[in-house]
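>>> Got a sequence here, can you build the structure:
(2 chains)
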2 protein chains.
Amino acid sequence: MKRIGVIGTGHTRFGVREDASIQELAFEAWREALADAGIEAGEIEAAWIAAVPGYQRQRSLAGVILEYLGLPPRPGWLTEAACASGSAAIHTAWQAMQAGTCEITAVVGCQKMTELETAQILALMGRAGDVQWESVFGVTFPGYYALFARRHMERYGTTREQLAAVAVKNHHYGALHPKAMFRKPVTAEKVLASAPVAEPLHVFDCCANADGAACLLLATEDRIRRLGREAVWLDGLGAATAPMSVLRREELDSLPSAAEAARIAYAQAGVGPADVDVAEVHDCFTIAEIIACEDLGFCERGAGGPLVADRRTWIGGDVAVNVDGGLKAKGHPVGATGVSMACEIVSQLRGRCGERQVPGARVGLTHNVGGIGQYCFVNLFRKD
Amino acid sequence: MKRIGVIGTGHTRFGVREDASIQELAFEAWREALADAGIEAGEIEAAWIAAVPGYQRQRSLAGVILEYLGLPPRPGWLTEAACASGSAAIHTAWQAMQAGTCEITAVVGCQKMTELETAQILALMGRAGDVQWESVFGVTFPGYYALFARRHMERYGTTREQLAAVAVKNHHYGALHPKAMFRKPVTAEKVLASAPVAEPLHVFDCCANADGAACLLLATEDRIRRLGREAVWLDGLGAATAPMSVLRREELDSLPSAAEAARIAYAQAGVGPADVDVAEVHDCFTIAEIIACEDLGFCERGAGGPLVADRRTWIGGDVAVNVDGGLKAKGHPVGATGVSMACEIVSQLRGRCGERQVPGARVGLTHNVGGIGQYCFVNLFRKD
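Reported below is the predicted structural model:
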């Protein structure tokens, strides 16, 4: 198995980006990544695009984006795994480089969501749950995660205050991230007093739909040596699935796909949860971050609420979680999110995160969930 | 590089399948492939789903299909490259096996199109062309290919009679294929007299939207030996892209992505056009088959019309092309098509095609185009 490293990252500002089409967002991230890596566009041998179809009028999104980046005739296609599409693209690129058909590749995650009304987005997202048996009855994404939160509260005594602690932390760090959608800290009181969306989740328990793009340039170790570049190594890749229908899940207070993907990634990289210095986890809702910390082994099952409330996932704690603001404050342009997570981890391991730098970070993890956990990808990055 | 082989295929009847949902179609092909390979579902270590989002109300299609096949927690996601999505999934599976993370995988291509009205499908398909500069002005898929046909006629003297010869051949063979959508031969007179769609293309120059699924089971050579199975080897894989906008193409009478994908695949497999005994090419319109034969090197540029009119692409000719009926008569459930092509080639190389068997076929090729050529995949299969 070849060692694969990241040699460049690019990232747009996330948020309402009325100034840019999806192609332009992709290009913004792409250009920054090329400059970061110090290579020319012509050196990229293949590219994978992550974007969830349906939010834009354009179909065949990979085709239009690859053209805009000037990539033809080089190969590429679109990967889709709902909100984990970006990680699916990273896995595809890694596999292609293992196969030996290419040595430098790009992964571009991008999404333009804010052209649609929020109600349209909610309806579309609901259909990423099981249409035949579930979304047809009106369940939405907040509804699914409210169900998970209720079960977690009932079983483990998790409280709304602990959920709020996730929002407080992530908005604290989001305020320090120049590319985040929301750059204001919030208090626990404000989170608790915000309007209910699906009890026990209120507005400040939910992440926001956004526009944005992120780009990762990957290369094989041989090629990185020849280029004379520094790299952050992608040493563990876990992917797993779970039944999409919650009716077919044994439990609702964890995501079985996340635990399985973590197991695979830890084994491949030869590290464990205690080795992780900094993690990006899929906090589409506050409860999701608590469950993620448990599924990843950062704490015992049921102990995720106290973990965050005791500030053990802040910088200086056991493991720094979502110190770029997470989906919660950075924003969640669905196709871009998995790639954005990887960009943050790479920046952390390069020591480039300024005020939100995790001191001495050597091992970083991304945890990217698709839909309500029907897909999960866990990746481990390391700086030699 | 590991050698990868096909150990099983499954295929539903294509056509209007009011009796089955997309999940059920996928299962029908999957079950047949498992029986064909003589293995249990539990032995499949990963699976990739090819389906184009938007034709069904369900989103996150891979999640719902993987669940229906009983695959979780095993990994998988969706690949999308418009009408070449099935080939993108085959490439992804091949790459994953090269990476060594799995030894037996499934590729399932499936699509349910006939729930929508034809006008809705046409509008959706038009958006797989460039929305910003082209489809906004009303161009549809038949319109794009009519443009290609006009240019080919003008430049090379290709005639409507030569286009009709493609339809006659493909309906002739479709009539012999028990799973084809259309099972009646047609005469050239009938093709020529059919109603115009976008001149010079008439109804019988166009393939039909369909429901259907196809499944391919792939394994590494080591695993195939251990299982004691026969295989058809996937020895060459070419993928390439082209500018999506026809405004940015140098020529309209060929698909540059097809010629490039063919070059890569031939080089990898160490064969040339003259070695190909049987080919499945992307005949979404009659002109597309003529252009494909030229892009693949089956004849000189511009000689595709006479090639088919002289019956040199019938069984017994230079190379047997689309002797399962092609998209034209077998039907075109877009996500399934690339996988269906591979199933036919594998069956041909196994000598299992009955009345439409190409005698002594040893080398087979698939040519699968996405959109209007923004993606093309060419794969080469071989029987030892």
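>>> mind checking how far the nearest residue to A:Gly8 once chain neighbours are set aside is from chain B?
Here the nearest residue to A:Gly8 in space, its sequence neighbours aside, is A:Ala37; by CB to CB, 6 or more residues apart in numbering or on different chains that works out to 2.8 Å. Using the backbone N, CA and C atoms, a C-beta is placed for each residue, glycine as well. A:Ala37 sits 21 Å away from chain B, taking CB to the nearest CB, to the nearest Å as the criterion.
>>> so where's the stretch 201-350 of chain A shaky on pLDDT?
Within the stretch 201-350 of chain A, not a single segment meets pLDDT under 70.
>>> Of all residues in it, which one is closest to chain B?
In the stretch 201-350 of chain A, the residue that lies nearest chain B is A:Ala239 (3.6 Å; CB to the nearest CB).
>>> wait, that residue sits on A:His91?
Yes: using CB atoms under 8 Å, A:Ala239 is in contact with A:His91, at 5.9 Å.
>>> For stretch A:143-161, output the C-alpha coordinates as CSV.
The C-alpha coordinates for stretch A:143-161 follow below in CSV (Å, rounded to 0.1, in the frame of the first residue of the first chain):
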residue,chain,number,x,y,z
GLY,A,143,-36.7,15.5,13.4
TYR,A,144,-34.4,12.5,13.0
TYR,A,145,-31.7,14.1,15.2
ALA,A,146,-34.3,15.2,17.8
LEU,A,147,-35.2,11.5,18.0
PHE,A,148,-31.6,10.6,18.6
ALA,A,149,-31.3,13.3,21.2
ARG,A,150,-34.4,12.2,23.1
ARG,A,151,-33.1,8.6,23.3
HIS,A,152,-29.7,9.8,24.4
MET,A,153,-31.2,12.0,27.1
GLU,A,154,-33.5,9.2,28.3
ARG,A,155,-30.8,6.6,28.4
TYR,A,156,-27.8,8.6,29.7
GLY,A,157,-29.3,11.7,31.3
THR,A,158,-27.9,14.0,28.7
THR,A,159,-29.2,17.5,29.2
ARG,A,160,-30.1,20.5,27.0
GLU,A,161,-27.4,22.4,28.8
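>>> hmm, back to that, which SS state does the residue of the stretch 201-350 of chain A closest to chain B fall under?
Classification of A:Ala239 using DSSP: H, G, I helix; E, B strand; the rest coil returns strand.
>>> which residues touch it?
Contact partners of A:Ala239, counting by CB atoms under 8 Å, 6 or more residues apart in numbering or on different chains, are A:Ser87, A:Ala88, A:His91, A:Ala261, A:Ile264, A:Tyr375, A:Cys376, A:Phe377, B:Pro75, B:Gly76, B:Trp77.
>>> ok, 10 Å please
A:81, A:84, A:87-88, A:90-91, A:257, A:260-261, A:264-265, A:368, A:375-379, B:46, B:73-77, B:96, B:101 (CB atoms under 10 Å, 6 or more residues apart in numbering or on different chains).
>>> A:Phe285 too?
Contact analysis of A:Phe285 by CB under 10 Å, 6+ apart lists A:141-142, A:144-146, A:148-149, A:163, A:166-167, A:197-198, A:201, A:205-207, A:291, A:327-328.
>>> thinking again about what came up before, phi, psi for the residue nearest to the residue of the stretch 201-350 of chain A closest to chain B when sequence neighbours are not counted please.
Nearest non-adjacent residue to A:Ala239, counting by CB to CB, 6+ apart: B:Pro75, 3.6 Å away. B:Pro75 adopts backbone torsions of phi -70, psi 160, taken as degrees, to the nearest 10.
>>> Would you enumerate the residues in contact with B:Pro75?
The contact partners of B:Pro75, taken as CB under 10 Å, 6+ apart, are A:81, A:88, A:91, A:237-241, A:257, A:260-261, A:264, A:375-377, B:45-48, B:66, B:96, B:101-102, B:105.
>>> which ones among the residues you listed are found in strands?
Counted as lying in strands by DSSP state E, out of these, are A:Leu237, A:Gly238, A:Ala239, A:Ala240, A:Thr241, A:Tyr375, A:Cys376, A:Phe377, B:Ala46, B:Ala47, B:Trp48, B:Thr105.
>>> What about those, which one has the most neighbours?
A:Tyr375 (35 neighbours; other CB atoms under 10 Å in any protein chain shown).
>>> Identify the residue nearest that residue in space, chain neighbours excluded?
Spatial nearest neighbour of A:Tyr375, chain neighbours left out: A:Ala81 (4.2 Å); criterion: CB to CB, 6+ apart.
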